[in-house]
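*Asks:* sequence plus predicted model, see below.
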Amino acid sequence: MYELKTRENDNSVIEFIENVDSVKKREDAYRLLDIFTETTGYKAKMWGPSIIGFGSYHYKYESGHEGDAPLVGFSPRKAKISLYLAPGDTKRDELLKKFGKHTTGKACVYINKTEDIDEAVLKELIIQSVTFLQETYPENRR
């Protein structure tokens, strides 16, 4: 059976950020920590060894696969900063057009640094993502 690796844990968010090699990435991580905390109203929690998540929800797919995930989050990775925002939301694409310099993957939005993006649009993306997931999984809010 598939074992979910990315679980919420009690590791220190601040300790994780302090161990980020790049000074610039550390500064950006603290800026994102402020933005996500202020926008969601949730306390930051570590998910797995490297994702800082906010809030959580329980998902269950038609395939039977289920698990818990943060509503939104980010990770200051070596190459780029990964932003975890709801991938199935159709409004996300419209907001990303105004977001600034970024690339996208299946579930992530990648940025090089916070100066490249419009923070007001990031806040809209966060709110939209939380709303979308809470509406998609209403009985599974945590």
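*Replies:* Yep, that arrived.
*Asks:* so which helix or strand takes in residue 33?
*Replies:* In this structure, residue 33 sits in helix 23-40 according to DSSP states H and E.
*Asks:* give me the pLDDT value at the residue nearest the centre of the chain.
*Replies:* Nearest to the mean C-alpha position of the chain, counting by CA atoms, centre = their mean, stands residue 73 at 1.9 Å. Looking at residue 73, its pLDDT reads 97.
*Asks:* could you look up the SS state of the nearest residue to it once chain neighbours are set aside?
*Replies:* With CB to CB, 6 or more residues apart in numbering as the criterion, residue 73 has its nearest non-adjacent residue at 3.7 Å, and that residue is residue 53. For the C-beta atoms, the positions are set from N, CA and C on the backbone; glycine is no exception. Under DSSP: H, G, I helix; E, B strand; the rest coil, residue 53 falls in the strand class.
*Asks:* pretty sure residue 53 sits against residue 37.
*Replies:* No: Residue 53 lies out of contact with residue 37 (CB atoms under 8 Å); the separation is 11.4 Å.
*Asks:* so what sits against both of those two?
*Replies:* Applying CB atoms under 8 Å, 6 or more residues apart in numbering, one finds that residue 53 and residue 37 are jointly contacted by residue 44.
*Asks:* before we move on, back to that, check contacts around the residue nearest to the centre of the chain.
*Replies:* Residues in contact with residue 73, defined by CB under 8 Å, 6+ apart, are 36, 47, 51, 52, 53, 54, 83, 84.
*Asks:* strands of the chain, start to end?
*Replies:* Chain-ordered strands for the chain, with DSSP state E as the definition, fall at 8-9, 44-47, 51-54, 57-60, 66-69, 72-76, 81-84, 103-104, 108-111.
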